[in-house]
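Colleague: predicted model and sequence below, questions to follow.
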Amino acid sequence: MAEKVLVAQLNPQQLQALADYFQSRGDLVWTASSLKDVGKVVQRYHPDLILLDVGFFGDNWQKAVPDFQAGANGARVMFTGNGHRRWPLGKHSQFTELGVLRPPFNERKMEKALGASSNGSSPHPSETEIRPAPARIRFPIRSKITLPYVGLAMLLATVAAFVVTNVVLDTIEERFKNSLIETGRLAAEWTVKEEDRLLESLRLVAYSTGMAEATAAGDAEQLRAIVLPFALNSGIEAVEILDLNAMSLLSLRHPEDSALEEYAASRGETIFQDWLFVQIILAHQVDEIGDKYAGVVQAPWGDFFYVSGPILDGEGKLVGVALIGERLSSMTSALRQATLAQTTVYAFDGTPLATTFMEAADPLGAEYVSGILAQQDNQSYLRNLRSTNIDYSEILTSLEARGGLDVAIIGSSLPQTFLVQPSQITRAQIFGLAALSILLVIGAGVLVANRITKPLLQVVQASSEVAKGNLTVKLETRGNDELATLGSAFNEMVTSLDRSNRELMDAYNSTLEGWSKALELRDEDTEGHTQRVTDMTVFLARRMGFSNDDLVQIKRGALLHDIGKMGVPDAILNKPGPLSEEEWEVMRKHPIYAYQMLAPIEYLKPALAIPCCHHERWDGTGYPLGWKGYDIPLPARIFAVVDVWDALRSDRPYRGAWEEERVLEYLKENKGTHFDPEVVDEFLKMLASGGYQDPVVMHTPAMHMATLRRMVPLG
């Protein structure tokens, strides 16, 4: 049975928290914020349990605590701290011995304190309903089944890692160096082929019909007509035609990032006079390979690689020089595509001339340049560099032109993680097989765990629904194993519970209707009043947003709204004239009688709002509690409007029935004093709409404490 609990706290938030906790247990709760109020409640209602803030006693707590315990009329006392008063260090142990409960006050702490403290304990098991909390699942069956598979998978992963480390990673450095050397060799071969391509274009230009004559005559237009088609067809980036003084007769250069057919033409430039490979041709020098020479230059129009050769007339006489050039940036980009390596061309002073790195490459030191040029036939040079937060290794070789002439230094770079990429067949096979094995093992474990635990999880979820009051859940039962048998037994159990619950609810509801009929038989002047106000109240509550489960509780409360009059003598209840003040004192107790009759019945607690509070007034002048405004439960505020409306329209021993217009006017006049204005407005709209719908059927067993808004502290 419910206990009577007095909560006395200095802190309003802690007062509310403790009151809410004991109300949720179904106890009758009083609150007090002073020792004077505590004394009044103790003398009048004799609480079973008192929760008292030690802050009430101040520094005189040692003498006050025993005195209070002696004057508590046999109530159990628990002491609490308010969290604001700083206790002296020397008194800490004494408070601990006293069992002072410190904030915050949560459900777990309160249950532990009530169970362990000698000053406060929970009701005896025989006096209250025991509802053990559902056990927390700390180690699910699914985990027990899956974890062995995960362990086996981890073992396989370890073995696979060991194999990969020994088979692949032990030789990674050697493979990486070999890959770099191969990349350098490919770069050298590519430059030879590219030089041959440029030489072929040079021959086509130098030996074109009319080329010697136009050069000898210095006819730039004729030279353009001869050279431009070759440049377009071969994709040549630069063509230079020079006279015997190394002055350009015609220069055609393809600008970067322009259309293929666009070439810029110029003449009269003398910068070629300083280029060694041009002066060699003008000096009629011929080596064992021939009369073609090459070089890398830094010209105003860019960094280029040029091949050059003589232009001879029909008698073999030198009349000019032809140069075919390609930008170093174009060469490095083509090398990048051919070798998949980042490529950089360096000048002999170590300065980067062109690179495929997004960031500028670091210059070469003098020791690298001298070493490469001196030892290029015997060894390759490696260095580490970093670009865009990636570590690279670079192999450095000389860029040789026709005849073995060193014209620049070329570097080919690979990221140091290159060989770890999944492109290596051996490593890919090993990792693939290991990953597949691990996935198969884990997948098998998960599949087996799901097949076993899925029915159990359904039982757990369905049990949770049943614990919440939902007796309509059903499990799907398949197969003929133990789990299928468990599911069938669960369904039969829930069906039986639902049937028993409905039968019990029907019996309860029939009893309620019988009580209301008995009261009407006793008070024959109110015949039919209960049913009318019940139906109207339920419909008005539905219009104001209450759910069907809440409407069931409101209907029960409306049916029993005057059940407390069973405790009022017939002489007062059926008196034909006005009641005296003494008789009114007795009549005003009928909400208290209703509480005393209904509160011990667990399933009627959510319906107490109307029987206990339907005579409270909006302005606080009602009875028995004197609540006002929104402190009055909404169901009671709704019922009050309907009850007065129906009472005024009915004959009574002390007056006749009022006309409808007069009743409605009375409701309007008493908005904000007797009635909730919002409820009156909604009720008038309901009447204007033409009536109400079918009554609510009371078969739902839900218990909605939220309907009350707060517990009713009547003793």
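Modeller: Good, I have the coordinates. Everything quoted here is computed from the prediction, not taken from an experiment. Numbering: from 1, shown residues only.
Colleague: so residue 157 sits against residue 438, correct?
Modeller: Yes - counting by Cβ atoms under 8 Å, residue 157 touches residue 438, with 5.6 Å between them. In this view, the C-beta of every residue, glycine as well, is placed from N, C-alpha and C.
Colleague: in terms of packing, which of the two has more residues around it?
Modeller: Neighbour totals were compared for residue 157 and residue 438, and residue 438 leads with 19 against 15 (other Cβ atoms under 10 Å).
Colleague: and the more buried one, what is it in contact with?
Modeller: Listed by Cβ atoms under 8 Å, 6 or more residues apart in numbering, the contact set of residue 438 reads 153, 156, 157, 160.
Colleague: one more time with 7 Å, if that's ok
Modeller: By Cβ atoms under 7 Å, 6 or more residues apart in numbering, residue 438 lies in contact with 153, 156, 157.
Colleague: name the nearest of those relative to residue 308.
Modeller: In terms of Cβ to Cβ, no member of these lies closer to residue 308 than residue 157, at 62.5 Å.
Colleague: hang on, the closest one is in a helix, isn't it?
Modeller: Yes - judged by DSSP: H, G, I helix; E, B strand; the rest coil, residue 157 forms part of a helix.
Colleague: any idea of the pLDDT on it?
Modeller: pLDDT for residue 157: 73.
Colleague: distance of it relative to residue 447?
Modeller: Counting by Cβ to Cβ, to the nearest Å, the gap from residue 157 to residue 447 is 20 Å.
Colleague: can you give me the buried ones in stretch 672-688?
Modeller: Neighbour-count burial for stretch 672-688 flags 674, 675, 676, 679, 680, 682, 683, 684, 686 (criterion: 16 or more other Cβ atoms under 10 Å).
Colleague: and the two most separated of those residues?
Modeller: Among the buried residues of stretch 672-688, 674 and 686 lie farthest apart (Cβ to Cβ), at 18.4 Å.
Colleague: next one: stretch 372-389 to chain centre, how far?
Modeller: Centroid displacement of stretch 372-389 relative to its chain, using Cα atoms, centre = their mean, to the nearest Å, is 51 Å.
Colleague: dump that stretch to PDB, restricted to CA.
Modeller: What follows is stretch 372-389, C-alpha atoms only, in PDB (Å, rounded to 0.1, in the frame of the first residue of the first chain):
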ATOM      1  CA  ILE A 372      77.000  12.900 -61.800                       C
ATOM      2  CA  LEU A 373      79.100  14.300 -64.700                       C
ATOM      3  CA  ALA A 374      82.200  12.500 -63.500                       C
ATOM      4  CA  GLN A 375      80.700   9.100 -62.700                       C
ATOM      5  CA  GLN A 376      77.800   8.900 -65.100                       C
ATOM      6  CA  ASP A 377      79.100   5.800 -66.800                       C
ATOM      7  CA  ASN A 378      79.800   3.900 -63.500                       C
ATOM      8  CA  GLN A 379      77.100   4.700 -61.000                       C
ATOM      9  CA  SER A 380      73.800   6.500 -60.500                       C
ATOM     10  CA  TYR A 381      73.200   9.000 -57.800                       C
ATOM     11  CA  LEU A 382      70.100   8.900 -55.400                       C
ATOM     12  CA  ARG A 383      68.800  11.600 -53.200                       C
ATOM     13  CA  ASN A 384      65.600  11.900 -51.000                       C
ATOM     14  CA  LEU A 385      63.300  14.900 -51.300                       C
ATOM     15  CA  ARG A 386      59.900  15.900 -50.200                       C
ATOM     16  CA  SER A 387      57.100  17.600 -52.100                       C
ATOM     17  CA  THR A 388      53.400  18.200 -51.200                       C
ATOM     18  CA  ASN A 389      54.000  16.300 -47.900                       C
END
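Colleague: which parts of it are buried?
Modeller: 372, 376, 381, 385, 387.
Colleague: bridged to the last one, which residues?
Modeller: I take that to be residue 387. Counting by DSSP bridges, residue 387 forms beta bridges with residue 390.
Colleague: now do the nearest residue to residue 214 once chain neighbours are set aside against residue 216, distance only.
Modeller: Nearest residue to residue 214, sequence neighbours excluded (Cβ to Cβ, 6 or more residues apart in numbering): residue 222, at 3.9 Å. From residue 222 across to residue 216, the span is 11 Å (Cβ to Cβ).
Colleague: also residue 295?
Modeller: As for residue 295, its distance to residue 216 is 25 Å (criterion: Cβ to Cβ).
Colleague: so between these two, which is more surrounded?
Modeller: Using other Cβ under 10 Å, the more surrounded residue of residue 295 and residue 216 is residue 295, with 20 against 17.
Colleague: that one against residue 277, yeah?
Modeller: Yes - with contacts counted by Cβ atoms under 7 Å, residue 295 reaches residue 277, the gap being 4.2 Å.
Colleague: show me where the stretch 1-150 of the chain has helices.
Modeller: 12-24, 35-45, 61-70, 92-98, 107-116, 141-167 (DSSP state H, counting those that start in this stretch).
Colleague: mind telling me which of those the model trusts least?
Modeller: Across the helices of the stretch 1-150 of the chain, helix 92-98 gives the lowest mean pLDDT, at a mean of 58.
Colleague: show me what the residue nearest to residue 263 when sequence neighbours are not counted is bridged to.
Modeller: Distance criterion Cβ to Cβ, 6+ apart; nearest residue to residue 263, sequence neighbours excluded, is residue 252 at 4.6 Å. Per DSSP bridges, the residues bridged to residue 252 are residue 239, residue 265.
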